[in-house]
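> Got a sequence here, can you build the structure:
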Amino acid sequence: MTLQDKDVFDYEYDDESGTIEVNMLGSIYGASIEDYPEVMSRVINILQEVPDASSVVLSESRDYEYDKDQVRMLKEVSEAIRDISSQGYLSESIRTDKCESLYQDHLPEVQRIVIDQLRKDPVGGYVELKRKERHLKQEMNKSYPQKKRCLKYFIQDVVNPVKKRLEKCEMIDQARSEEFITGHHVGDREVYREFFHPLVRPNFMLTKFMSLPPERGEEIDRYESRNDVEVSVYDVPDQVQPVYHVNPPEFNLSEEKYRLLDAARRFLASHQPESGEFARPDRMRQVFQNIGRDMIRDIAQQMDIQLPREESEQLTSILNRYTSGLGVLELLLSDPKIQDVFINSPIGNAPIYIKHEEYEECETNLIPTKEEAESWATRFSPGSDNTGESVAGRTSVRF
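Predicted coordinates for the structure are as follows:
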């Protein structure tokens, strides 16, 4: 049974890569930590179960990968919740006899903030805690001596320790230093869109794709290469190389087309070419092209998707690229302005670099996985019939 055959929010953990993959297929929420409080809460719960994880992938028709820096912020919130709970700040036994009634009035709200709110909206939870502190201090100013002492104890023994523990979290610290706290409305997700920027890829691909243009990047060129691939080149302050940003058609399909492609890919993955087909890459590709075309048509009919011939051929071409072809590498090799392609270590973290005839060395918005890079290295190894020159003429691929 594959992950996507399981229930929503079921997950698998790869201890070698440190990656948690969470099934979001069929979820009523989008596959986004930054946009959906319920998703953030579930991911924080998972990180409490798998504290050694370094990345999280939310898998739907696209995969959304959050890297180690973003996951670290969530783990810090998870650890803060654990510490606050284990150190007794939320325990009913913390109250004194003469303050029992006051603690019964105020402790449940702090418990709710820590146990529930911090998982869904950490910044909002911190804002609520500060608001609670302010209201308690205002109440102190107009209370009789005994109640004033109890309010002082509650702030001192409960609110302040919880607040100080949260301020050690990078997410809260950044929100405070960049003044997101001021004017923040509890439940507003805009602050999280500043902190979380997942790498995105359709789930039939391996390569990670930075969908957004580089921050503060200035577009200095735009053109369309072969295969309907949109190319933008950005100049980025404080960065030596320009950024070569590709936006091929497979990144802009409808959800139903992604589902169609994924179903066809799963079928083709189970097809084993005959031994003679391996010896002739061109023959193997043609076999997959023909099978893929039939599969696209049949699955579209089963899903009741109206697919004009032109769109059917486009999907067949995309499917072939990511089954018998070279994946995103073909997008780069099809650009006549690219002279060299460089795939560097550490694989899985480093983007692909290219040498461009106009802009020299450029960083791309594509990050290959280890699995994909090993596949390319095998196909471009000495003695292979599928060399860089045979694919792209004058373009070379270097590992």
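
> domains for the chain, by residue range?
1-60, 81-177, 249-327 (automatic domain parsing).

> Check the offset of the first one from the chain's centre.
The reference is to domain 1-60. Centroid displacement of domain 1-60 relative to its chain, using Cα atoms, centre = their mean, to the nearest Å, is 10 Å.

> can you put the domains of the chain in CSV and add distance to Arg189 and mean neighbour count?
Glycine gets a C-beta too; all of them are placed from N, C-alpha and C. Converted to CSV, the domains of the chain look like this (distance: least, Cβ to Cβ, whole Å; neighbours: other Cβ atoms under 10 Å):
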stretch, distance to Arg189, mean neighbour count
domain 1-60, 6, 17
domain 81-177, 8, 17
domain 249-327, 21, 16
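
> now what about stretch 113-127, what contacts it?
37-38, 40-41, 44-45, 77, 80-81, 84-85, 90, 128-129, 132, 162-163, 166-167, 169, 171-172, 175, 180-181, 184-188, 191-192 (Cβ atoms under 8 Å, 6 or more residues apart in numbering).

> Need the residues that contact stretch 218-226.
The set of residues external to stretch 218-226 that reach it, using Cβ under 8 Å, 6+ apart, is 213, 230-236, 242, 331, 334-337, 358-359.

> Inside strands: which ones of those residues?
Applying DSSP state E to the contacts of stretch 218-226, the entries found in strands are Glu230, Val231, Ser232, Val233, Tyr234, Asp235.

> returning to that earlier point: generate TSV for the domains of the chain, with distance to Gly348 as supplementary columns.
Listed next are the domains of the chain as TSV, based on distance: least, Cβ to Cβ, whole Å:
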stretch	distance to Gly348
domain 1-60	7
domain 81-177	23
domain 249-327	15
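
> re the thing from before, which one of the ones in strands among the contacts of stretch 218-226 sits closest to Leu107?
Nearest to Leu107, judged by Cβ to Cβ, of those is Tyr234 at 52.2 Å.

> now the nearest residue to that closest one once chain neighbours are set aside: how far from Thr364?
Excluding its sequence neighbours, the residue lying closest to Tyr234 (Cβ to Cβ, 6 or more residues apart in numbering) is Gly217, at 3.5 Å. As for Gly217, its distance to Thr364 is 13 Å (criterion: Cβ to Cβ, to the nearest Å).

> more crowded one of the two?
The neighbour comparison of Gly217 against Thr364 (other Cβ atoms under 10 Å) goes to Thr364, with 24 against 18.

> List the residues that contact the more buried one.
With contact taken as Cβ under 8 Å, 6+ apart, Thr364 is in contact with Val243, Tyr244, His245, Val246, Leu332, Pro351, Ile352, Tyr353, Ile354.

> how does it look with 7 Å?
Tyr244, Val246, Pro351, Ile352, Tyr353, Ile354 (Cβ atoms under 7 Å, 6 or more residues apart in numbering).

> Cross the residues you listed against strands and list the overlap.
Taking DSSP E, the ones among those that sit in strands are Tyr244, Val246, Tyr353, Ile354.

> In terms of pLDDT, where does the nearest residue to the third one once chain neighbours are set aside sit?
Nearest residue to Tyr353, sequence neighbours excluded (Cβ to Cβ, 6+ apart): Phe342, at 4.2 Å. Per-residue confidence at Phe342 stands at 91 (pLDDT).

> and Phe342, bridged to which residues?
Beta bridges link Phe342 to Tyr353, Arg398 when assigned by DSSP bridges.

> so where is the protein shaky, pLDDT-wise?
Low-confidence segments of the chain (pLDDT under 70): 1-5, 93-97, 204, 206, 269-282, 381-399.

> Which residue ranges of it form strands?
Remark: strands assigned in the chain by DSSP E are 11-14, 19-23, 55-59, 62-66, 199-202, 208-209, 218-225, 229-235, 243-247, 338-342, 353-356, 360-364, 366-367, 396-398.

> Strand partners (parallel or antiparallel) of the fourth one?
Strands flanking strand 62-66 in the sheet, each with its direction: strand 55-59 (antiparallel), strand 199-202 (antiparallel) (DSSP bridges).

> okay, the angle between it and strand 19-23?
140 degrees (axes from the mean of the first three to the mean of the last three Cα atoms, to 10 degrees).

> Spatially central, which residue of this structure would that be?
Residue closest to the average C-alpha location in the chain (Cα atoms, centre = their mean): Glu65, at 2.5 Å.

> close enough to count as contact, it and Thr207?
No - applying Cβ atoms under 7 Å as the test, Glu65 and Thr207 come out as separate, 11.0 Å apart.

> any idea how far Leu307 is from Glu218?
To Leu307, Glu218 is 39 Å away according to Cβ to Cβ.

> typo on my end, Thr207
Using Cβ to Cβ, one obtains 25 Å as the distance from Thr207 to Leu307.

> cool, Leu129 as well?
53 Å.

> can you check Cys169 too?
Going from Cys169 to Leu307 by Cβ to Cβ gives 48 Å.

> neighbours around Gly187, how many?
So Gly187, with other Cβ under 10 Å, has 10 neighbours.

> can you pull the contacts of the closest residue to Lys75 other than its chain neighbours?
With sequence-adjacent residues excluded and distances taken as Cβ to Cβ, 6+ apart, Lys75 is closest to Leu47, at 5.3 Å. Applying Cβ under 7 Å, 6+ apart, we find Leu47 in contact with Ala53, Leu74, Lys75, Ser78.

> same check, this time on Gly217
Here Gly217 is in contact with Tyr234, Asp235, Val236, Val243 (Cβ under 7 Å, 6+ apart).

> just Val236 next, same as before
Neighbouring residues of Val236 by Cβ under 7 Å, 6+ apart: Pro214, Arg216, Gly217, Val243.

> Quickly note the distance from it to Ser334.
Look at Val236 and Ser334: by Cβ to Cβ, they are 24 Å apart.

> Closest to Arg266 out of the contacts of Leu47?
When the contacts of Leu47 are compared against Arg266 (criterion: Cβ to Cβ), the nearest one is Ala53, at 26.2 Å.

> Next, work out how far apart that closest one and Arg297 are.
Computed with Cβ to Cβ, the distance linking Ala53 and Arg297 is 41 Å.
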